[in-house]
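Student: Give the three-dimensional model of this entry:
(one chain, ligands or ions: 1)
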Amino acid sequence: MLSQKIIDRLNQQINLEIYSSHLYLQMSSWCAHKALDGCAAFLSQHADEEMSHMRRLFNYLQETGAYAVISGMQAPPFEFDSITPMFEQIYEHEQLVTSKINDLVHLANTEPDYATLQFLQWYVTEQHQEEFLFKSILDKIKLIGTEGQGIFFIDREIGNMAANPTQEESTAMN
Ligand code: OFO
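Tutor: You can find the predicted model right below:
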């Protein structure tokens, strides 16, 4: 049985994962609007992955007999200058998600709630991978640049990541 404090924090995390999905779906729409089809496909796929993160939390709360609650949430931004600040924004957002997961791990450890602590290990690993993924995309953008044909190559490169989803991304899409 989970404490009310843990339930509340897991519900907050559910809503943050939904916001992440909305944010990336909105960004994918902006990319599609700018004919950046590779980035659009990658971000749309990543939006699905965020919903799978939400589902995992949702199911955990239900399995423990707790009540999963979806809250109202702010709309994501929909205007972007270019893909460079967009991916910088994503990287910052993922760092925020990591800090929220760390807070949750700390809470589960101090309660103590060892089942939740173990459940959260998946998210610790996932956030490490997410930060690495978006940092490497930013590195590629800086290396290739977005001037002239650079944006074409960047878009193709990021689109290839969507064409080769990880196992988890495949599961999230099915
Ligand atoms: Fe992007 O990892 Fe969930 O939020």
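
Student: you'd agree Met73 is up against Ile18?
Tutor: Yes. If you go by C-beta atoms under 8 Å, Met73 and Ile18 touch, sitting 6.5 Å apart. Every residue, glycine included, has its C-beta placed from N, CA and C.

Student: Quick check: Arg9 vs Ser71, distance?
Tutor: Distance, Arg9 to Ser71, by C-beta to C-beta, to the nearest Å: 13 Å.

Student: Neighbour count for those two, which is higher?
Tutor: More crowded of Arg9 and Ser71, by other C-beta atoms under 10 Å: Arg9, with 18 against 10.

Student: Who are the contact partners of the more buried one?
Tutor: Residues in contact with Arg9 (C-beta atoms under 8 Å, 6 or more residues apart in numbering) are 103-104, 107.

Student: quick one: it from the ligand, how far?
Tutor: Taking C-beta to the nearest ligand atom, to the nearest Å as the measure, Arg9 falls 15 Å from the ligand.

Student: ok, now Ala115?
Tutor: Distance, Ala115 to the ligand, using C-beta to the nearest ligand atom: 21 Å.

Student: got the buried residues for the one helix or strand Arg9 maps to?
Tutor: Under DSSP states H and E, the secondary-structure element containing Arg9 is helix 4-33. Buried positions in helix 4-33, judged by neighbour count with 16 or more other C-beta atoms under 10 Å: 6-7, 9-28, 30-31.

Student: Can you name the residues of the protein that neighbour the ligand?
Tutor: Residues of the chain lying close to the ligand (C-beta under 6 Å from any ligand atom) are 17, 20, 50, 53, 94, 97, 126, 130.

Student: Show me which of those residues is closest to Tyr67.
Tutor: Among these, Glu17 lies closest to Tyr67 (C-beta to C-beta), at 17.1 Å.

Student: which residue packs closest to that closest one, ignoring adjacent ones?
Tutor: Excluding its sequence neighbours, the residue lying closest to Glu17 (C-beta to C-beta, 6 or more residues apart in numbering) is Met54, at 3.8 Å.

Student: My guess is the one you found contacts Ile14. True?
Tutor: Yes. Contact between Met54 and Ile14 holds when scored by C-beta under 8 Å: they sit 5.4 Å apart.

Student: how about the nearest residue to Leu43 once chain neighbours are set aside, what does it touch?
Tutor: Leaving aside its sequence neighbours, Leu43 sits nearest to Ser28 (C-beta to C-beta, 6+ apart; 3.6 Å). Applying C-beta under 8 Å, 6+ apart, we find Ser28 in contact with 39-44, 47.
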